[in-house]
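*Asks:* What would the 3D arrangement of this be:
(one chain, ligands or ions: 1)
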Amino acid sequence: MVLRGERIILRPVELSDIDRLLNINDEEVRQYLLSVFPLNKIREEEWVKNLYTGQRDIVFAIAMAETNQLVGTTGLHSIDWVNRCAEFGIAVTDKSYWNSGLGTQATQLTLRYAFEYLNMNRVQLRVYEYNHRAIHVYEKCGFVREGILRKARYLKGEYYDVIVMGILAKEYFSKRSSAQYSE
Ligand SMILES: CC(C)(COP(=O)(O)OP(=O)(O)OC[C@H]1O[C@@H](n2cnc3c(N)ncnc32)[C@H](O)[C@@H]1OP(=O)(O)O)[C@@H](O)C(=O)NCCC(=O)NCCS
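*Replies:* So this is what the prediction gives:
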């Protein structure tokens, strides 16, 4: 399955992407993500080999349409096929591409996959209160703030709130049919 946007594609992650996946060790990228342990090639290789073996998590490479080069990953996790909901996650791990519209496009394509191909009814996410760029992108893509996990994130001596956001299928389709969707 490959989803095509204007400048990016979402495609399966391959072993040949591993070197670029290791950008995830960068401290500036990591401050926004869940994972705190270092990752080496062997762990990344195991992770890639185990992708697509189950039906609870689906991860796509975010790749430049022109070169096929991976710049990050996006995906749906903890997929609940009975209640038709999933948890969204994204990381543009190549920082040189931040703020150039790719994250917005990748989020919109992942939502398209969730609602138009998987028939999800709800997609939710958790984001740290200090991740203003991500919150802005999520709101632009139709996620609304649903709640707060108070002081659930620890970083460098401080605790921060974790914001829970969600979007329902009917909200997605109504936004998609108005002209607010760019991809
Ligand atoms: C969050 C992330 C996916 C966004 O992707 P991106 O390609 O950088 O985002 P875009 O370029 O599509 O959009 C960025 C938007 O945020 C805005 N923005 C940038 N910094 C901002 C800030 N400090 N406060 C508010 N908005 C900000 C930009 O102006 C832009 O909005 P606009 O298009 O309306 O002008 C990406 O930066 C990333 O992966 N960051 C590291 C990992 C991460 O945070 N993952 C999400 C964990 S919940």
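
*Asks:* mind listing the helices in the chain by residue range?
*Replies:* Under the criterion DSSP state H, helices of the chain are mapped to 18-21, 27-30, 41-50, 102-112, 132-140, 169-177.

*Asks:* Comparing those, which comes out most buried?
*Replies:* When you average the neighbours per residue for each of those (mean count of other Cβ atoms under 10 Å), helix 102-112 leads with a mean of 23. Using the backbone N, CA and C atoms, a C-beta is placed for each residue, glycine as well.

*Asks:* what's that helix packed up against?
*Replies:* If you count contacts as 3 or more Cβ pairs under 8 Å, 6 or more residues apart in numbering; DSSP states H and E, helix 102-112 packs onto strand 8-11, strand 58-64, strand 70-80, strand 85-91, helix 132-140.

*Asks:* Among the helices of the chain, which comes closest to the ligand?
*Replies:* Nearest to the ligand among the helices of the chain is helix 102-112 (1.8 Å), distances taken as Cβ to the nearest ligand atom.

*Asks:* Centre of the chain to that closest one, how far?
*Replies:* 8 Å (Cα atoms, centre = their mean, to the nearest Å).

*Asks:* Begin at 686, not 1, for the rest of this chat.
*Replies:* With the count now opening at 686, the last piece we talked about shows up as helix 787-797.

*Asks:* what's that helix in contact with?
*Replies:* Residues outside helix 787-797 that contact it (Cβ atoms under 8 Å, 6 or more residues apart in numbering) are 688, 690-693, 695, 745, 747, 756-757, 759-761, 773, 775, 777, 808, 818-819, 822-823, 825-827, 852, 857, 861, 866-868.
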